[in-house]
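Engineer: would you be able to build a 3D model of this:
(2 chains)
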Amino acid sequence: MLAAIGVDSMEGLLVDIPQSLRIPRLELPNGLSEFETMAQIASLASRNRAYPDRLTFRGGGVYRRFIPAAVAAVTSKPEFYTAYTPYQPEASQGTLQAIYEFQTLIAELTALDVANASLYDGATAVAEAAMMAHVHTGRNEVLVAGYVHPEYVEVLRGFSEGRGIKVKKGSEPTAKTAAVVFQQPDFLGLLVDARDLTQRAHDVGALAIACVDPISLALLAPPGEYGADIAVGEGQQLGLSPSYGGPHVGFVACRKDLVRRLPGRLIGTSHDAEGRRGFVLTLTAREQHIRREKATSNICTNHSLCALAASVYMTYMGAEGMRHIAEVSFKRAHALADKLAKLPGWELAFPERQFLSEFPIRVPKAAVVNRKLARKGILGGLDVHRWFRELNGVLTFTCTEVNDPRAIDELVEAVSL
Amino acid sequence: MTEPLSFEKGRPNVHAPRLPDADVTAPEPAEVLPRELLRSHPPTLPRLSEPEVMRHYSRLASMNYSISEQFYPLGSCTMKYNPVANEAAAALPGFSALHPYQDEETVQGALELMWRLEQALCAVVGVDRVTLQPAAGAHGEWTALRMIKAFHRSRGEARTEVLVPDSAHGTNPASAALSGFQVVEVASAPDGRISLADLESKLSSKVAALMLTNPNTLGLFERDILDIAELVHNTGAMLYYDGANLNAFMGVCRPGDMGFDAVHMNLHKTFTTPHGGGGPGAGPVGVKADLVPFLPTPTVERMNGHLKLDFKRPQSIGRVRSFYGNFGMLVRAYTYIVAMGGDGLTQASLDAVLSANYLRKRVEGLLEMPHDGPCMHEFVASARNLAPNGIKALDVAKGLLERDFYAPTIYFPLVVPEAIMVEPTETESKPTLDAFAAAIADIVKEAKKEPEKLHQAPHGLPVGRLDEVATARRINAYLQGQSEDPILRWKPDQNEGC
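Structural biologist: As a prediction, the model looks like this:
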């Protein structure tokens, strides 16, 4: 090959690199065989404690759920996972159609007009939605109402800083407010009055941004029903493993008149000369590769493979299946809450508030409770005090279809000891 | 061959899969929750049996080109083979089943992996610390610019401009704007490299940073990089490295030594995590000591063999996404680095440069080469020589699809008319490169003999060229209330099926 190029050695190809910059060698150990590599990696994996699904009661944005085998069977197809962003539509119809179906699934679930091809995660989805509201209303304040995931709020603050937007907490928007952001159910698992918050936003000409749990939407009124303008959320529960926090998938859906403000990829239907239906990336005039500094966002891709996983999950489960597991989760969480609230010194932190499948409970000694549970192989509640001063001694527990009744009993027994 | 939508294939009598029942004593949601909190109509999701689901997605998979089946010479995207061992590593339950809010003592292996990956990336690019949190390259750019902004602010300086070469990736100016900077473009010189004169004229005390890719998007090494760094640093600005093209020189030289203060890396390019049809990727950012205090929280710290997440960093810009980054991608990249080692990574870059130069030589004479070689890991050709036959870069791309190759990046960088940007990577064999060059030769022949046929390429794929203009027009009609068809989704009321 060197001879064909017309040089004597590799040095002939590296002539543009100043000699002073050349390094003698890359200071890393030499390579290993696959066998040795995997042994090293497996030894790291074995130094982690993976709690079984049925004994995991911790949520806070990442949940254990039943993942049908169909999901991995599809996402591990190399035609999907080793393809690139579908720049050449004729050779990417598989990805394009799957993501078009994802857009439809999310739009259906949220009861809004249009959804995009996905974002990185729930946190950046909230931030991107706030940017949409800022540009749409021309206003510079975003109001965060109630217990929105603290990490989402932190990311929102970071995004806002660059655009000169103020992020405030509260539920009284003013004429300066671009959007009211709320989470349904909230970070603690409690249901909020989404209708009222939406109305309050609209009364002052602000947008309502609902951060929603996609599984809950099989049961709960979706954002489109109560008039929210933008729905965002984290799609991890739709067939993705916890994987220490990622990769997961963010989603964003909106009303028709906000479509041009959407960040990221959008896929639409098209036709070829013979009239066959096909799918293409569209409305690219919003995006960074065309608009550069005037783009709606800097996002270049999406989380396509995770969106594919979510699509397979929703298609496999159907509306009926999703509703069923939402109901099972609801009942089990309520059964657990009932049992825990009867323990001496334990009481629901917000007894007057409704919840779905996650709930906050005040316990005598949070650290002791979780240590007891860990000893029995149980991943106990999430100590939310680290984010919220007023929630001293409060743990949130979550229950889904993977936490069988026996597991619930084991948890109650373990903390009763 | 086309495949109906899952929504269109649905049958009303298909029931949900068998799922566990609650088996506990508790009320039904409808008995407890107020009616206005409940959904009034179920969403219209597809109703398919498991075999139908599997067949649907298998058929969709067969409509994709991918690394697993095709040569994918997308310039700037580094489409190298994704080792399957990476996938096996990420799927280990000791990684995939970890909850992000587990106690530190129970995730020491995960933190150790992150710490070691950070050390390895520091060694490759020559920086002091790395944050693994950004989810993608563009996200990394934005993260770095926020650190640079915080750095200047900590010194009482309000610098408002970011310089970006005209050949830069579109994400550079977009990230700068999102971080609240004004974007100022720097021109390329006739040799394709940044114009030092233009750079000097645009540098001032208002400039926060210059964003640079090296080798640049033309595949050319910025020979004057040390002078560039000096010019930039002399005005108090920082030098930012867009790591899209890092595959060109691992083990040969390091951005940190060139004077870059912040460096983003694309694990999905250089370190073989799969592209997934457009993500998830990972875009870690490396920084020199000056920027370390501003790294996103948490960082991974090692003390007496114990690893911990450090949230107490007073000057930090805060977190840039939830949790700790796309951890599953970090596992894949680390697995690749362990398998390759320092020697393997170096060889990978040398082979990438060799492949690109070899292919460049083979294509030279068929297409125009606007800049002199040698190139680094990629080269930019131009289809301008086919203009007399009415053939454009797009036609060449479609002709390649028809010949079972994915197309190179086209119409980028913007500074080259009819650009065709080819990055073969080190994982392609000489016979593959030869076959690609032969396909280009065949297309050039067709361009001269039967340009009409090439205009209609690709033949034999699931669909022919799609009318993107019509799509945009129909979306406009929908957005302006002149049509009920949203184009961006399937709609139950207008379609038969579910």
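Engineer: so where is chain B shaky, pLDDT-wise?
Structural biologist: For chain B, applying pLDDT under 70 flags the ranges B:493-498.
Engineer: show me the residue at the heart of it, geometrically.
Structural biologist: Taking CA atoms, centre = their mean, the centroid of chain B lies closest to B:Gly137, which sits 5.9 Å from it.
Engineer: so that one touches B:Gly283, yeah?
Structural biologist: Yes - using CB atoms under 8 Å, B:Gly137 is in contact with B:Gly283, at 4.4 Å. For the C-beta atoms, the positions are set from N, CA and C on the backbone; glycine is no exception.
Engineer: what sits in contact with each of those two?
Structural biologist: B:His264, B:Asn266 (CB atoms under 8 Å, 6 or more residues apart in numbering or on different chains).
Engineer: ok so, going back, tell me who's in contact with the residue nearest to the centre of chain B.
Structural biologist: Contacts of B:Gly137 by CB under 8 Å, 6+ apart are A:Cys300, B:Thr171, B:Asp242, B:Gly243, B:Ala244, B:His264, B:Asn266, B:Lys269, B:Gly281, B:Gly283.
Engineer: check A:Glu293 too.
Structural biologist: B:Pro173, B:Ala174, B:Ala176, B:Ala177, B:Val183.
Engineer: for the first one, what are its contacts?
Structural biologist: Which is B:Pro173. Counting by CB under 8 Å, 6+ apart, B:Pro173 has contacts A:Gln288, A:Arg292, A:Glu293, B:Val162, B:Val164, B:Val183, B:Glu185.
Engineer: mind redoing it with 10 Å?
Structural biologist: A:288, A:291-295, A:298, B:141, B:162, B:164, B:181-185, B:211 (CB atoms under 10 Å, 6 or more residues apart in numbering or on different chains).
Engineer: is it correct that A:Gly122 is in contact with A:Gln183?
Structural biologist: Yes - A:Gly122 is in contact with A:Gln183 according to CB atoms under 10 Å; the separation is 9.2 Å.
Engineer: which residues do the two both contact?
Structural biologist: Listed as contacting both A:Gly122 and A:Gln183 by CB under 10 Å, 6+ apart are A:Gly61, A:His149, A:Tyr152, A:Cys211, A:Val212, A:Asp213, A:Val232, A:Gly233.
Engineer: just give me the neighbour total for residue 381.
Structural biologist: Answering for chain A, as no chain was given. 26 (other CB atoms under 10 Å in any protein chain shown).
Engineer: try chain B instead
Structural biologist: With other CB under 10 Å as criterion, B:Ala381 counts 27.
Engineer: same check on B:Tyr81?
Structural biologist: When counting by other CB under 10 Å, one arrives at 15 neighbours for B:Tyr81.
Engineer: spatially nearest residue to it (excluding sequence neighbours)?
Structural biologist: Nearest residue to B:Tyr81, sequence neighbours excluded (CB to CB, 6 or more residues apart in numbering or on different chains): B:Thr427, at 4.0 Å.
Engineer: test my guess that that neighbour contacts B:Asn82.
Structural biologist: Yes - B:Thr427 lies in contact with B:Asn82 (CB under 10 Å); the separation is 9.2 Å.
Engineer: hmm, back to that, among the contacts of B:Pro173, name the ones in helices.
Structural biologist: Residues of those located in helices (DSSP state H): A:Gln288, A:Arg291, B:Glu141.
Engineer: okay if I get these as CSV plus distance to A:Val384 and neighbour count?
Structural biologist: As requested, these are exported to CSV (distance: CB to CB, whole Å; neighbours: other CB atoms under 10 Å in any protein chain shown):
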residue, distance to A:Val384, neighbour count
A:Gln288, 37, 27
A:Arg291, 41, 17
B:Glu141, 33, 31
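Engineer: ok, those residues vs B:Ile475, which is closest?
Structural biologist: A:Arg291 (16.8 Å; CB to CB).
Engineer: tell me the contacts of that closest one?
Structural biologist: A:Arg291 makes contacts with A:Thr284, A:Ala285, A:Ser297, B:Gly170, B:Pro173, B:Ala174, B:Ala177, as judged by CB under 10 Å, 6+ apart.
Engineer: what about the strands in the stretch 51-200 of chain B?
Structural biologist: Remark: strands assigned in the stretch 51-200 of chain B by DSSP state E, counting those that start in this stretch are B:129-131, B:161-165, B:182-186.
Engineer: and chain A, which of the ones you listed is closest to it?
Structural biologist: With CB to the nearest CB, the closest approach to chain A among the strands of the stretch 51-200 of chain B belongs to strand B:182-186: 4.2 Å.
Engineer: does the closest one reach chain A?
Structural biologist: Yes - on the criterion CB under 10 Å from any CB of the partner chain, strand B:182-186 is in touch with chain A at B:Gln182, B:Val183, B:Val184, B:Glu185.
Engineer: ChimeraX command to pick out the buried ones of these?
Structural biologist: A single ChimeraX command selects the buried members of the residues of strand B:182-186 next to chain A (16 or more other CB atoms under 10 Å in any protein chain shown):
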select /B:183,184,185
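Engineer: dump the residues of strand B:182-186 next to chain A into JSON lines; add distance to B:Ser68 as well.
Structural biologist: JSON lines is the format used below for these (distance: CB to CB, whole Å):
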{"residue": "B:Gln182", "distance to B:Ser68": "44"}
{"residue": "B:Val183", "distance to B:Ser68": "38"}
{"residue": "B:Val184", "distance to B:Ser68": "42"}
{"residue": "B:Glu185", "distance to B:Ser68": "39"}
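Engineer: of the residues of strand B:182-186 next to chain A, which is the nearest to A:His248?
Structural biologist: Of the residues of strand B:182-186 next to chain A, the one sitting nearest to A:His248 (CB to CB) turns out to be B:Val183, at 31.3 Å.
Engineer: residue contacts, that closest one?
Structural biologist: A:292-294, B:161-164, B:168, B:172-177, B:211.
Engineer: who wins for most neighbours among the residues you listed?
Structural biologist: B:Ser175 leads the contacts of B:Val183 on contacts (other CB under 10 Å) with 36 neighbours.
Engineer: number of residues surrounding residue 298?
Structural biologist: No chain in the question, so chain A it is. Neighbour count for A:Asn298, taken as other CB under 10 Å: 28.
Engineer: to clarify, I was referring to chain B.
Structural biologist: Counted with other CB under 10 Å, B:Pro298 comes out at 18.
Engineer: do the one 5 residues further on as well
Structural biologist: Neighbour count for B:Met303, taken as other CB under 10 Å: 8.
Engineer: hey, where'd the strands end up in the stretch 51-200 of chain A?
Structural biologist: Under DSSP E, counting those that start in this stretch, the stretch 51-200 of chain A gives strands at A:114-115, A:141-144, A:166-169, A:177-184.
Engineer: does anything pack onto the first one? Which helices or strands?
Structural biologist: Translated: strand A:114-115. Strand A:114-115 is packed against helix A:93-110, strand A:250-254, helix B:468-479, with contacts defined by 3 or more CB pairs under 10 Å, 6 or more residues apart in numbering or on different chains; DSSP states H and E.
Engineer: how about those in a markdown table, adding mean neighbour count?
Structural biologist: What follows is the helices and strands packed on strand A:114-115, written out as a markdown table (neighbours: other CB atoms under 10 Å in any protein chain shown):
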| stretch | mean neighbour count |
| --- | --- |
| helix A:93-110 | 28 |
| strand A:250-254 | 31 |
| helix B:468-479 | 17 |
